[in-house]
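**Student:** Pasting the sequence and the predicted coordinates here, then a few questions.
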Amino acid sequence: MTPALAHTPVLETARLVLRAPQAADWPVWREFMASDRAQFVNALARDDSAAWRAFGHFIGHWVLHGFGQFVITDRQSGATLGSAGPWFPLGWPERELGWLLWTPQAEGKGYAFEALSAIRDHVQDHMGWDTAVSYIAPDNLRSLALAQRLGCVHDEAAVAPDGLATVQVWRHPVTRRDNDGNARAYA
C-alpha cells in the first residue's frame, strides 16, 4: 500500500489534472529544488535533506489546513509539471495562491494560467475565500506577467510575510458566478 492524502479534491481542466501531492512526485520536486529554476523559492533547498524537508512541508500543509498546493499533471501523459494552489503557512499575513513550474518543458504553454484559473474558482466557490494574494519577487518576470494575465493588481499597501520583505504583493480579483454559471470579476 502506498500512503496517500485522503479526501483531497481533484480539479480537472482541458489539459490538466490538479491533485494532492504523492510520494511519486518527490523525484521531480527534488530535481526542481536542486536547479536554478528554484531561485525564487524562499526555502531554497539545494541539497536532498533540505529538499526533503520542503517537500514534507508541502504535503503537511494539506494535513494541517485541509488544503494546499495541488500538483499540476498533464491530463494525457500523467507527467508531473509543477504545483499551484492555496498556501497559508504560519507567519503569512494573508492567504496566498502560489505556483511553481517544476520542469522547463512546462514553461510557455499556459499551464500555470490554466491551473490558477481553475484553482482560483475553486477557492472562491468552494472554500469561501473572498481575497487572495500572490507574493512575487520583483525580478521574477514570468510570475509577474502571469499575475497580470490573471487580472491581479499590485497592492502596495499589503504586507509581505516576515523574511520576504523584497517581494511584491499581487491581489487576485474576486469572481462570482452569475445564475448561468459564468464568472464575473469584481474589483
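**Tutor:** Looks like it arrived, so ask away. Numbers count the residues shown, from 1 in each chain.
**Student:** C-alpha from now on. contacts and neighbour counts both.
**Tutor:** OK.
**Student:** Quick one: list the elements packing against whatever helix or strand Arg53 lives in.
**Tutor:** Assigned by DSSP states H and E, Arg53 belongs to helix 48-65. On a contact count with 3 or more Cα pairs under 8 Å, 6 or more residues apart in numbering; DSSP states H and E, helix 48-65 meets helix 26-33.
**Student:** swap the cut-off to 10 Å and go again
**Tutor:** Contacts defined by 3 or more Cα pairs under 10 Å, 6 or more residues apart in numbering; DSSP states H and E place helix 48-65 against helix 26-33, strand 70-74, strand 80-87.
**Student:** pLDDT weak spots in the chain?
**Tutor:** Judged by pLDDT under 70, the chain has its weakly predicted residues at 1, 42-46, 176-187.
**Student:** Can you show me the strands along it?
**Tutor:** 11-12, 16-19, 70-74, 80-87, 96-101, 133-136, 153-154, 168-171, 174-177, 183-186 (DSSP state E).
**Student:** Identify whichever of these lies nearest to Asp125.
**Tutor:** Nearest of the strands of the chain to Asp125, taken as Cα to Cα: strand 174-177 at 7.7 Å.
**Student:** Spatially central, which residue of the protein would that be?
**Tutor:** Per Cα atoms, centre = their mean, the C-alpha nearest to the average position across the chain is that of Ala84, at 2.3 Å.
**Student:** who touches it in this structure?
**Tutor:** Ala84 makes contact with 18-19, 68-72, 97-101, 112-113, 115-116, 119, according to Cα atoms under 10 Å, 6 or more residues apart in numbering.
**Student:** Could I have the PyMOL command that selects the buried members from the residues you listed?
**Tutor:** Here is the PyMOL selection string for the buried members of the contacts of Ala84, based on 16 or more other Cα atoms under 10 Å:
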select buried, resi 18+19+68+69+70+71+72+97+98+99+100+101+112+113+115+116+119
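**Student:** just to revisit the earlier point, dump the strands of the chain to CSV, plus distance to Leu64.
**Tutor:** Shown next, in CSV, are those (distance: least, Cα to Cα, whole Å):
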stretch, distance to Leu64
strand 11-12, 20
strand 16-19, 17
strand 70-74, 15
strand 80-87, 11
strand 96-101, 16
strand 133-136, 20
strand 153-154, 29
strand 168-171, 24
strand 174-177, 26
strand 183-186, 30
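**Student:** of all those strands, which lies closest to His57?
**Tutor:** Across the strands of the chain, closest to His57 is strand 80-87 (Cα to Cα), at 10.9 Å.
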